[in-house]
Structures are given as structure tokens and as C-alpha cells.
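K.L.:
Show me how the following folds:
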Amino acid sequence: MPRGSYLHLSSGVTEEFQCAPGPAGWRYVAPGVDLTVDSRWRPARLQLTTSSWTLRGGAAGRELLWVRGDREHSAEALAFLGDSPAFLVAVARSLSLTPGDSATVPLVQVTGDSLATRTVTQRWALVSVETHPTDLGPLPVEAWQTTDLETAETTEFHLAGDVVLTAPGLELTRLDSPPNL
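P.N.:
Modelled structure (predicted):
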């Protein structure tokens, strides 16, 4: 079960996390973030908490449903997207792409302390997979690229199993055990 910490560079906040596969999916837990996905990597349960707000949600068929405050919302989308690296892992794994492939996906983006939501459409591409030797055996590292189709902003991140190794504004500062591959 990977445990470690990420540093959010813009805010200086450290996100202590643990994640693990379970009998029906995968779960990521950190302060303010609790994401459980099903065997297809769709959000079965999400809870985000800030000092003022709580957002709870999950997938129901082709839609995402969520409650923020006392208001219910829904959108036809694949997954949630937010500041935590948990969302990068869940979306990437749900796409099941092979190197060189891409997919255009609608996502519900959650931002800021107010946990504001909006639907965005992004193109996700698995650019390459490189295998690195480690003491525990070969470690495949995936290079991903995302493009916001409204703004054309492109970002890249690197993923090993269920751990984000690098991403814009994010630094993996500690990893106590290897990722689940």
C-alpha cells in the first residue's frame, strides 16, 4: 500500500496520502480527499472537504452526481478532476490507453476552497511508457499529456502504477512503499 506525501507548490500545502487496491476497485485517502473508484476506475464515492465546504459525489451510469452544501448537481462526465493527484490516477486508469493513443473526455473539475465545479472537456494522451530498473524489479513509468479543449492549455505528468511521480505544481516528496502496478 503506497504511502507518502506530495507538496502542492503554489500553496505550500503537503498532502499526506495512502492508496490501495481493494476487492472492487481502488481507494485514495488524504486530508480533505477520500476517493473510491470501482473496478472500471469510475468514481464510486468521493468526499472533498475544506474549512467551509464539503462535496460528496459519485457515478451513476453515464452521469456524475454530487452534492455541495445543500444543492444537488449532475453532469454527463467520465470522472472528477481536482488538485489532488488521486484524480490524475483515476482518470488515466479509467481510459486504459496504449502508448500513442488519446481520448477526449468530459470531466467535472472541482477547484478552490469553495469546491466550485464546472464541466470541462479534455484530450488525454498516453505519450509513452519507459521501464526503469529498480531493486524490486522493472518499474513502468507512463508519460501522459492533457489538453483542455477550451483553452488549448497542455500539461504533462508521469505516472507509475497508482502514484503520480511528477505533475505541474506538484512534487512527490516522500514514498514509503512502491506503487501498485
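
K.L.:
From the chain's centroid, how far away is stretch 1-10?
P.N.:
13 Å (C-alpha atoms, centre = their mean, to the nearest Å).

K.L.:
and the longest strand anywhere in the chain, what other elements does it pack with?
P.N.:
If you go by DSSP state E, the chain has its longest strand at strand 116-134. Applying 3 or more C-beta pairs under 8 Å, 6 or more residues apart in numbering; DSSP states H and E, one finds that strand 116-134 contacts helix 85-95, strand 102-111, strand 137-148. The C-beta positions use only the backbone N, C-alpha and C, and glycine is treated the same way.

K.L.:
For these, give me TSV that also has mean neighbour count, mean pLDDT and distance to Thr14.
P.N.:
Formatted as TSV, those follow (neighbours: other C-beta atoms under 10 Å; pLDDT from 0 to 100; distance: least, C-beta to C-beta, whole Å):
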stretch	mean neighbour count	mean pLDDT	distance to Thr14
helix 85-95	22	97	13
strand 102-111	18	97	19
strand 137-148	16	95	23
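
K.L.:
and of these, who's closest to Ser128?
P.N.:
strand 137-148 (4.8 Å; C-beta to C-beta).

K.L.:
Identify each buried residue in the following helix or strand past the closest one, please.
P.N.:
Sequence order places strand 154-160 as the next helix or strand after strand 137-148, per DSSP states H and E. Using 16 or more other C-beta atoms under 10 Å as the test for burial, strand 154-160 gives 157-160.

K.L.:
ok so, going back, for Ala125, which of the helices and strands packed on strand 116-134 is the nearest?
P.N.:
The nearest among these, by C-beta to C-beta, is strand 102-111 at 3.7 Å.

K.L.:
which strands and helices sit next to that closest one?
P.N.:
Partner elements for strand 102-111 (3+ C-beta pairs under 8 Å, 6+ apart): strand 71-76, strand 79-81, helix 85-95, strand 116-134.

K.L.:
what does it contact?
P.N.:
Here strand 102-111 makes contact (C-beta atoms under 8 Å, 6 or more residues apart in numbering) with 48, 55, 57, 64, 66, 75-83, 91, 95, 97, 116-126, 149.

K.L.:
Buried ones from those, can you make that a ChimeraX selection?
P.N.:
Here is the ChimeraX selection string for the buried members of those, based on 16+ other C-beta under 10 Å:
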select :48,55,57,64,66,77,78,79,80,81,82,83,91,95,97,117,120,122,124,125,126
